[in-house]
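# kindly generate the corresponding structure for this input.
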Amino acid sequence: MFKSFMISYDLNDPGQKYDKVFEIIKEFGTYIKLQKSFWLVKTSLSPNQMTDKLNTVLDNNDSLFICEIIKNYQGRATEEDWEFIRKHIFPQ
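Predicted coordinates:
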């Protein structure tokens with residue numbers, strides 16, 4: 001069953017592996033990167049499974065937060081981002 005999640009992280013050392021983090025998140029399923037370190041994903045993976053995969057490239061002092069989200073949201077984003085969210089993250 002596919003669910004919607006938010007993923008947020010801080011990579012705290014210089015020269016971090018942002019590209020590797022991006023590649024792993026992109027493998028989770030449907031995704032949109034809304035901010036520098038903030039993603040929404042639609043995936044069949046659990047938060048534990050996503051964390052395990054991301055831990056392979058994160059350092060011990062990096063932070064990570066993954067949370068299931070529901071269709072009750074508001075904020076500021078581009079119209080293109082809102083369209084993607086409505087179509088792929090929270091389809092009718």
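# so Ile32 bridges to which residues?
Leu40 (DSSP bridges).
# what about it, how many residues nearby?
Counted by other C-beta atoms under 10 Å, the residues lying close to Ile32 total 16. Bear in mind the C-beta positions are built from the backbone N, C-alpha and C, glycine included.
# ditto for Cys67
Cys67: 10 surrounding residues under other C-beta under 10 Å.
# cool, and Phe22?
Neighbours of Phe22 under the rule other C-beta under 10 Å: 14.
# for the one 4 residues further on, same thing?
Here the count is done by other C-beta under 10 Å, and Lys26 has 13 residues near it.
# buried residues in the strand or helix carrying it?
Under the criterion of DSSP states H and E, Lys26 resides in helix 18-27. Neighbour counts over helix 18-27 (16 or more other C-beta atoms under 10 Å) mark Val21, Ile24, Ile25 as buried.
# now that helix: average pLDDT?
The average pLDDT for helix 18-27 rounds to 95.
# what packs against it?
Helix 18-27 sits against helix 47-55, with contacts defined as 3 or more C-beta pairs under 8 Å, 6 or more residues apart in numbering; DSSP states H and E.
# what's the helix or strand just after the helix it packs on in contact with?
Remark: after helix 47-55, the chain's next helix or strand is strand 63-68, criterion DSSP H and E. With contact meaning C-beta atoms under 8 Å, 6 or more residues apart in numbering, strand 63-68 is reached by 3-10, 12, 47, 50-51, 54-55, 58.
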